[in-house]
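S.K.: Next input, structure requested:
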Amino acid sequence: MLLHKITLEEFGAYRGKQSLDLSVKNKRPIILIGGLNGCGKTTLLDAIQLVLYGPRARCSGRGNKAYDTYLRESINRRHDPSRGSSITLEFTVTVDATEHYYKVVRSWHVSGKSLREFLNVFVDEEYGSKIQNSRRAKADPKFSRILSEGWADHVEDLLPLEVASLSFFDGEKIESLADPERAATVIESAVQSLLGVSTVEQLRTDLLALQRRQKLSDEEQHLMDNIHDQEQELASVQQQLDQAAQERAARGKTLREAERELGSLEEAFRKEGGGLFERRQELTAARDRVASQLSDLRASLVQLAAGPLPFLLMAPQVKELRKQAKQESLAAEASQVLDVLTERDTWLLELVPEDARGEVMKKLEQDRAKRSKSTALTVNLGLPHNALAQLSALDEGLARDTNRANELLKQAASAAEELDQLDRQLAGVPEQSKVEALQRARDEQAQNVTRIQGGMERDEQQIAELKRRREHVAAALERAHKNFVQTKVKAEEVERIIKYSEKARGTLERFGEALLERHISRLEVAVLQSFKALMRKQGLVHDLRIDTDKFTLTLSDSEGEAIDPGRLSAGERQLLAVSLLWGLMKVAGNRLPSVIDTPLGRLDSRHREHLVDRYFPYASDQVLLLSTDEEIDEYLLGRLKKSVAHMYTLAHDDTDFTTKVVEGYWWNAGASHVA
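M.R.: Numbers count the residues shown, from 1 in each chain. Alright, predicted model coming up:
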């Protein structure tokens, strides 16, 4: 578990809304929070426990007060009680290698004479992007109503209350852990809850309770008799169903053999031309249809041949005729022009002066002579004037009839090919005598296959009916079992449960002893190493042992003599208690935050340096130090600073008795005004 942010709103001495960023950095696990006595350090420690555990929280300021009374008194004295207070804690927990982000908001206010409390739990929305970008305030997790209502149980899975008391502690009060009896209680509680030994013992207890509940009443015996009858009927139906399934399987085998035989007969019938024999009437009708179609196509071709198509055989002659028609047309046009020119030339000569008429007449006669040459024809067929138009109409008709003839020829060729194919197929039709026996055998086998298939359908119906009956009996049996289970455990399981639960209890007992022995051994080493690391007198304690039965802690010197904890100074006893908690956190894997209020009380300078150098940076993955200016002073701050992620000072206003959170520490830049 890692704490990320806590927000106090009108809680205790904290006026208004005060927030502390508790996120840690790489190799900087410490959040240093400074405050003079009475400024709200312990209140902050209480707030963390209160928001998580509510009425079960072990808050220092509560004492024997009722929970409602404590909440009323926790509302800031200058704030309207009807508007109330709230505490918001944001943290992450890794479960099964998946990190989940929680936001827990506990709020309360006074309503008339009563107090109303609310708990809202949010979890996992945009957590991945928030962590990567360090912008957690931009999106809240999703509200979970189920988690909010069951938070008291859920938080025990995340951080059991007994374990929290070891993770959140007052440095001045933990000296009592050096007392053997008090230490034994803490060690037993921690080993049982923090290290999972209690789970094994709880399983043994649950198994014993289960064994003691194994007994049958008269009503349960009646239910068992009913169950026995239903089971017999179910077994009978199942037997019938198995038999029907076997019969169906046998019939299925027969059907497959019959189908193979039918396939063989059909193959033989096909090889003998049976398919053509069965299609002989169809083939004959198709041949007659195609022959008639071919005859019609040929008649259409003959009809086309009676038109202009024969001219296609005289293409050169038609071409010459078209040329002659064009020449005759041009000659006729030129002859008409000469007559007109003669009249024009006569008119022109009358207009020309007499002395120039000879020259002009010569020019005009030359022009007419030149034009008269185009009227001279080698051959003159005397074609009509519209001969060219008639030849164009002939071309159009030939093009149309040619396309039609080509289409008819293709259709005729296709019909002729189809007719040839049908003739070949009809030629291959066998004689009836060759295929009649095969056809009869095939038809008989087909009827046999149909008969077997009918039997298969009846088998399927019988099986379906038996399955419905089995489901009905099974449902009745399940109801009988449920009725029995509602009153007590099933009778046939009683003996087995007793037998195996006793065996499991023995196994769990041995496992628990081995687990406890392993954890105690690791804890002894961890606590001793922690104590030696913190102690100024290195040779004072040589060995440390923890009894696995009574969980008592024993110290011994280099001579093997036991050391009475009473011989230790107050500071040494405090270090022993810190070592015990540190060792427990090491064995638990440093997966919980350590919140330490008044961490250096009663310690001399050397021991304080040891805690600052050797304990605080390594106590856990996250360490919250709630310190006065005399504990973490300017000198110790310099030694601790490289391991600090955030520093805050709780500034208290003595005029209105309120506290606000200021970033920075007394001797840290930016916090000098907080003194």
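
S.K.: only C-alpha atoms for contact and neighbour calcs from this point on.
M.R.: OK.

S.K.: and stretch 347-358, how far apart are its ends?
M.R.: Length of stretch 347-358, first residue to last, C-alpha to C-alpha, to the nearest Å: 14 Å.

S.K.: which strands and helices sit next to the host helix or strand of residue 419?
M.R.: Using DSSP states H and E, residue 419 maps to helix 387-427. Identification of packing neighbours for helix 387-427 by 3 or more C-alpha pairs under 8 Å, 6 or more residues apart in numbering; DSSP states H and E yields helix 280-305, helix 315-351.

S.K.: rerun at 6 Å
M.R.: helix 280-305 (3 or more C-alpha pairs under 6 Å, 6 or more residues apart in numbering; DSSP states H and E).

S.K.: Hey, what's the angle from the helix it packs on to helix 387-427? Just curious.
M.R.: With axes from the mean of the first three to the mean of the last three C-alpha atoms, to 10 degrees defining the directions, helix 280-305 sits at 160 degrees from helix 387-427.

S.K.: which residues sit against the host helix or strand of residue 624?
M.R.: Remark: residue 624 resides in strand 623-627, with elements defined by DSSP H and E. Applying C-alpha atoms under 6 Å, 6 or more residues apart in numbering, the contact partners of strand 623-627 are 29-34, 41, 593-598.

S.K.: What's the first helix or strand after it?
M.R.: Next along from strand 623-627, by DSSP H and E: helix 634-640.

S.K.: one step back: for residue 400, state which of the contacts of strand 623-627 is nearest.
M.R.: Among the contacts of strand 623-627, residue 29 lies closest to residue 400 (C-alpha to C-alpha), at 101.4 Å.

S.K.: And the strands in the stretch 151-300 of the chain?
M.R.: Along the stretch 151-300 of the chain, counting by DSSP state E, counting those that start in this stretch, strands occupy 168-170.

S.K.: where are the low-confidence patches of it?
M.R.: Flagging of the stretch 151-300 of the chain using pLDDT under 70 yields the residue ranges 171-184, 186, 189-202, 204, 207-221, 269-281, 283-284.

S.K.: Can you read off the pLDDT for residue 315?
M.R.: At residue 315, the model reports a pLDDT of 75.

S.K.: Could you do the one 5 residues further on as well?
M.R.: For residue 320, the model assigns a pLDDT of 75.

S.K.: ok so, going back, just the buried residues out of the contacts of strand 623-627, in PyMOL syntax.
M.R.: To isolate the buried members of those in PyMOL, using 16 or more other C-alpha atoms under 10 Å:
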select buried, resi 29+30+31+32+33+34+41+593+594+595+596+597+598
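
S.K.: Now go through the contacts of strand 623-627 and say which are in strands.
M.R.: Within the contacts of strand 623-627, residues falling in strands by DSSP state E are 30-34, 594-597.

S.K.: any idea of the pLDDT on residue 426?
M.R.: So residue 426 comes in at 58 (pLDDT).

S.K.: Please disregard the earlier target; I meant residue 115.
M.R.: 93.

S.K.: now, among the contacts of strand 623-627, which is nearest to residue 265?
M.R.: Of all the contacts of strand 623-627, residue 265 sits closest to residue 593, with 86.5 Å by C-alpha to C-alpha.

S.K.: Spit out the contact partners of the closest one.
M.R.: Contacts of residue 593 were listed using C-alpha under 6 Å, 6+ apart, and they are 622-623.

S.K.: hmm, 10 Å instead?
M.R.: Shown in contact with residue 593 (C-alpha atoms under 10 Å, 6 or more residues apart in numbering): 1-3, 29, 164, 167-168, 585, 619-624.

S.K.: Quick check: it vs residue 620, distance?
M.R.: Between residue 593 and residue 620 the computed distance is 6 Å (C-alpha to C-alpha).

S.K.: Quick check: neighbours shared by these two?
M.R.: Listed as contacting both residue 593 and residue 620 by C-alpha under 10 Å, 6+ apart are 29, 167, 585.

S.K.: The second one reaches residue 585, doesn't it?
M.R.: What that stands for is residue 167. Yes. Counting by C-alpha atoms under 10 Å, residue 167 touches residue 585, with 8.2 Å between them.

S.K.: Comparing those two, which residue is more hemmed in?
M.R.: Neighbours were counted for residue 167 and for residue 585 using other C-alpha atoms under 10 Å; residue 585 has more, 26 against 21.

S.K.: is it true that that one lies in a helix?
M.R.: Yes. Per DSSP: H, G, I helix; E, B strand; the rest coil, residue 585 lies within a helix segment.

S.K.: returning to what we had before: can I get the contacts of residue 593 in CSV with distance to residue 502?
M.R.: Converted to CSV, the contacts of residue 593 look like this (distance: C-alpha to C-alpha, whole Å):
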residue, distance to residue 502
1, 37
2, 41
3, 43
29, 47
164, 34
167, 37
168, 40
585, 34
619, 42
620, 41
621, 42
622, 43
623, 45
624, 47
